[in-house]
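1. sequence-free structure coming up:
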């Protein structure tokens, strides 16, 4: 798949469709969640400090998300087996999907060039996409700061439901 550096999603766009494997090697598709809010977050790697904090924050708020009629789905390049260990170790209560070929990461613009310590490489841009009941993007967060992010997402869903 070709990386389109000029491609950017916007609020109101139809969310790119996908089907990926979860930690149990079951195919999960975006269409499975039509009629619900979907909190789709992209993260770099299982069992790393920031990613663990983000996953645990979403899990600790899972009842709130359920009450808002929202499903939380995390996607990283890690394998289903890695996700299975990650879920078990931290008792995660939301869906994790595997995108080892970075195809969905690219579709959402979350696989881009990064620079750390002067070295450039392709990697995951921590980002979140809130998808509404009709499959449209309601809100996009790029280069997410982990602390407080789950609460911010809940607040946006709550506000959009009232509107």
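-> That came through, no problem. On a predicted model such as this, the values are computed, not experimentally measured, just so you know. Residues are numbered from 1 along each chain as shown.

2. helix/strand/coil for residue 40?
-> Following DSSP: H, G, I helix; E, B strand; the rest coil, the label given to residue 40 is strand.

3. Name the nearest residue to the residue positioned nearest the centre of the chain, ignoring sequence neighbours.
-> Compute the mean C-alpha point of the chain, and by Cα atoms, centre = their mean the closest residue is residue 41, 1.5 Å away. Spatially, and ignoring its direct neighbours in sequence, residue 41 is nearest to residue 128 (4.3 Å; Cβ to Cβ, 6 or more residues apart in numbering). Quick note: C-beta positions are derived from backbone N, CA and C, even for glycine.

4. and if you look at residue 8?
-> Using Cβ to Cβ, 6+ apart, the closest residue to residue 8 is residue 109 (5.9 Å).

5. Against residue 33, how distant is the one you found?
-> To residue 33, residue 109 is 20 Å away according to Cβ to Cβ, to the nearest Å.

6. same thing with residue 131?
-> Where residue 33 is concerned, residue 131 sits at a distance of 8 Å (Cβ to Cβ).

7. ok so, going back, what values do phi and psi take at the residue nearest to residue 8?
-> Phi and psi for residue 109, reported as degrees, to the nearest 10, are phi 70, psi 20.

8. tell me the contacts of it?
-> 7, 8, 9, 125, 127, 142 (Cβ atoms under 8 Å, 6 or more residues apart in numbering).

9. and the residues you listed, which are buried?
-> Listed as buried from the contacts of residue 109 are 9, 125, 127, 142; burial here means 16 or more other Cβ atoms under 10 Å.

10. so how far is residue 130 from residue 89?
-> Distance from residue 89 to residue 130, by Cβ to Cβ: 27 Å.

11. More neighbours: which of those two?
-> Neighbours were counted for residue 89 and for residue 130 using other Cβ atoms under 10 Å; residue 130 has more, 22 against 11.

12. surely that one meets residue 38?
-> Yes - using Cβ atoms under 8 Å, residue 130 is in contact with residue 38, at 7.4 Å.

13. Helices along the chain, start to end?
-> Taking DSSP state H, the helices of the chain run over residues 49-60, 62-67, 80-90, 103-107, 149-162.

14. Return the helix or strand in this structure with minimum mean pLDDT.
-> Lowest mean confidence among the helices and strands of the chain (mean pLDDT, DSSP states H and E): strand 111-116, at a mean of 85.

15. who's in contact with that strand?
-> Under Cβ under 8 Å, 6+ apart, the answer for strand 111-116 is 3, 5, 102, 105, 120, 121, 122, 123, 124, 125.
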